[in-house]
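> The following comprises the amino acid sequence and a computationally predicted model.
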Amino acid sequence: MNSLELISLYENVAVITGNMLEAARSGDWELLEQLENDCSSRVQTIRESEIPFDLPSEMRDKKIRIIKKILADDKEIRDITEPWMERLASLMKDSSTNRKLNKTYGTGSTA
């Protein structure tokens, strides 16, 4: 893989993470999941294809800028999704507790 192909892959991941951020902001969890899968696939391609070599300084600086954008988007996505995931986990726990109580004591039964 040459330096232009590598930068192109990083740019592609940056576009996807930008789209993921927009999906998270709008609460489109299905789209976010699809984009996350696509992003993971692209990152895996980078991991498998990237061989260590010295990039020209301009390309290295560009790669660093792209990675910083990806990381900033990732942080903002986590800032949006983590509270939502905690609320969902709490709702699921409450639902599970209610099912266990209903199973153990029954619903609407009288002694």
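Here it is on my side, so go on.

> can you tell me how far residue 14 sits from residue 52?
Taking Cβ to Cβ, to the nearest Å as the measure, residue 14 falls 21 Å from residue 52. (Glycine included, C-beta is placed from N, CA and C.)

> More neighbours: which of the two?
residue 14 (18 against 4; other Cβ atoms under 10 Å).

> Give the closest residue to the residue nearest the centre of the chain in space, chain neighbours not counted.
Residue closest to the mean C-alpha point of the chain, counted by Cα atoms, centre = their mean, is residue 36 at 4.9 Å. What sits nearest to residue 36 in space, not counting adjacent residues and going by Cβ to Cβ, 6 or more residues apart in numbering, is residue 20, at 6.3 Å.

> Where does the one you found fall, secondary structure wise?
helix 3-26 (DSSP states H and E).

> before we move on, what about residue 42?
With DSSP H and E as criterion, residue 42 is part of helix 29-49.

> any idea how far the helix or strand following that helix is from the chain center?
Heading C-terminal from helix 29-49, the first helix or strand you meet, by DSSP H and E, is helix 57-105. The gap between where helix 57-105 is centred and where its chain is centred comes out at 7 Å by Cα atoms, centre = their mean, to the nearest Å.

> For helix 57-105, which helices and strands make contact with it?
helix 3-26 (3 or more Cβ pairs under 8 Å, 6 or more residues apart in numbering; DSSP states H and E).

> Swap in 10 Å and give it another go.
helix 3-26, helix 29-49 (3 or more Cβ pairs under 10 Å, 6 or more residues apart in numbering; DSSP states H and E).

> Average pLDDT for it, rounded please.
In this model, helix 57-105 has an average pLDDT of 85.
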